[in-house]
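**Q** Quick check, what structure comes out for this input:
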Amino acid sequence: MKLSMLDRSRTRAGYAEGAALTHTIERAVTAERLGYHRFWVAEHHAVPGIASGSPPVLLGALGAHTSTIRLGSGGVMLPHHQPLVVAEQFLMLDALYPGRIDLGVGRTLGFTAPVRRALRQDLDDADTFAEDIEELRGYLDRTAAVTARPAAARQIPVFVLATGRGLALAARLGLPVVVGGPALHSPRVGELLGAYRNDFRPSAQASAPSVTVSADVLVADTDAEAAELALPEAWAMARSRQTGEFGPLEPLSAIRDQAWTNQLRERVEAHLARTTAGSPATVRRRLDRLAESTGADELLAFTSTYDLDAQLASDAALAEIMTGRTQASTPSRS
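**A** Just a heads-up that it's a prediction; the model follows:
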């Protein structure tokens, strides 16, 4: 599998929220040096724990600090945008950083009712995801009645962030898919991916089906150390189900000092069980099983922990596992 990275610009307790964007840029620079194939960023609106609400803006900054790694969105949520505007944004990015831009698209609405209202959305709105993708592709390949500018010299790859329905849609449209979250952990994932491959209709963009799996991966010297690194994200996820707010990453000492109810502990443990965290040998075994069960062409690893140096060290260890490249020294921010 090719190795790529998704960074969600996680905020951290004790840092200004905007520092998360600087951390993302630093991480992209390191990922390029480590040999990662792509570096993608996310779109989340009004989430305290995530600073990235506009992938095109952040991708512009990433392009200015890197030179070879592919850059993209994981993804742009089409219900939030007009397809013409998305096309113009990514055509501009492609003009600035030729041949390096990817466009991943999804259909997720705002997470809370106030956010949905701010985005002019309603849960009862008609699902126009398929039509929006078709319209977007028309602007990108210059077949639409309106010509989006600037004109691209090449085709910008479009990926579908897919659930069960998304897989069927991607097959019909002839687009590559990115599968993660509940869909990836479903006992039916093999069946769903098999249907995608069987039903795939070749398109101008893709002559054959392509599957990227998005998984939470952390590597440390030992399994116990990796579990510690995974704890801040697991804690934030578990707490969000109690408070309704997905908050910044916290240091281990602060997490240990807080009260743990049985329910909270169970939720943390459930999240850790879904995380591919461990020593290099453990992670290699789990990724081998993932590749075997999904037949994936690419791994889009997303990983967050409070300790920034440990995060970069994990990125380097994962690159060594996946590409066989031994790093001369452990990356650090100093």
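
**Q** Determine the set of other helices and strands touching the one helix or strand Leu59 maps to.
**A** Element membership for Leu59, per DSSP states H and E: helix 55-65. Secondary-structure packing of helix 55-65 (3 or more C-beta pairs under 8 Å, 6 or more residues apart in numbering; DSSP states H and E): helix 19-34, strand 38-41, strand 70-77, helix 83-96. C-beta here means a position set from N, CA and C on the backbone, and glycine is covered the same way.

**Q** and the last one, what's its mean pLDDT?
**A** Over the span of helix 83-96, the pLDDT mean works out to 97.

**Q** The longest one too?
**A** Helix 19-34 comes out with an average pLDDT of 98.

**Q** Could you check the angle it makes with helix 55-65?
**A** When axes from the mean of the first three to the mean of the last three C-alpha atoms, to 10 degrees is applied, the directions of helix 19-34 and helix 55-65 differ by 50 degrees.

**Q** Equivalent analysis for the last one, please.
**A** Here helix 83-96 runs at an angle of 0 degrees relative to helix 55-65 (the same axes, to 10 degrees).

**Q** Next, format the helices and strands packed on helix 55-65 as JSON lines and append distance to Thr143.
**A** Formatted as JSON lines, those follow (distance: least, C-beta to C-beta, whole Å):
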{"stretch": "helix 19-34", "distance to Thr143": "33"}
{"stretch": "strand 38-41", "distance to Thr143": "26"}
{"stretch": "strand 70-77", "distance to Thr143": "20"}
{"stretch": "helix 83-96", "distance to Thr143": "12"}
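
**Q** Can you mark which positions in the helix or strand hosting Ser253 are buried?
**A** For Ser253, the element it lies in under DSSP H and E is helix 252-257. For helix 252-257, the neighbour count (16 or more other C-beta atoms under 10 Å) marks Ile255 as buried.

**Q** Residues in contact with stretch 282-292: which ones?
**A** 1, 213, 215, 217-219, 223, 226, 276-278, 296, 299, 317-318, 321-322 (C-beta atoms under 8 Å, 6 or more residues apart in numbering).

**Q** So which of those are in helices?
**A** Asp223, Ala226, Ala317, Leu318, Ile321, Met322 (DSSP state H).

**Q** Pull out the buried members of these.
**A** For the ones in helices among the contacts of stretch 282-292, buried by 16+ other C-beta under 10 Å: Ala226, Ala317, Leu318, Ile321, Met322.

**Q** Which of the residues you listed sits closest to Gly35?
**A** Nearest to Gly35 among those is Met322, at 8.7 Å by C-beta to C-beta.

**Q** Okay, the closest one and Leu173: tell me how far apart.
**A** 29 Å (C-beta to C-beta, to the nearest Å).

**Q** Grab the nearest non-local neighbour of Glu135.
**A** Residue nearest to Glu135 in three dimensions, not counting chain neighbours: Pro83, with 4.3 Å by C-beta to C-beta, 6 or more residues apart in numbering.

**Q** right, I mislabeled it, should have said Pro176
**A** Ser210 (3.7 Å).

**Q** Run a quick neighbour tally on Asp124.
**A** Asp124 has 5 neighbours, counted by other C-beta atoms under 10 Å.

**Q** same question, Thr243
**A** 9.

**Q** now His65
**A** His65: 11 neighbours (other C-beta under 10 Å).

**Q** Quick check, it in contact with Ala28.
**A** Yes. Counting by C-beta atoms under 8 Å, Ala28 is a contact partner of His65 at 6.7 Å.

**Q** still on that earlier bit, mind putting the buried ones among the ones in helices among the contacts of stretch 282-292 into CSV with pLDDT and distance to Asp7?
**A** CSV is the format used below for those (pLDDT from 0 to 100; distance: C-beta to C-beta, whole Å):
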residue, pLDDT, distance to Asp7
Ala226, 98, 19
Ala317, 98, 17
Leu318, 98, 13
Ile321, 96, 19
Met322, 93, 17
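
**Q** Quickly name whichever of these is closest to Glu266.
**A** Closest to Glu266, out of all of these and judged by C-beta to C-beta, is Ala226, at 20.3 Å.

**Q** hang on, the earlier thing: how close does the residue nearest to Pro176 get to Arg333?
**A** 34 Å.

**Q** These two: which has the busier surroundings?
**A** Higher neighbour count among Ser210 and Arg333: Ser210, with 20 against 11, using other C-beta under 10 Å.

**Q** Average pLDDT for stretch 151-170, rounded please.
**A** 89.

**Q** Just the buried residues of that stretch, please?
**A** So, applying 16+ other C-beta under 10 Å, buried residues of stretch 151-170: 152, 156-164, 166-170.

**Q** Provide the contact partners of the helix holding Leu59 at residue level.
**A** 9, 21, 24-25, 28-29, 39, 41-43, 52, 71-73, 75-76, 89-90, 92-93, 96-97, 100-101.

**Q** Just give the nearest non-adjacent residue to Thr30, would you?
**A** Pro331 (5.0 Å).
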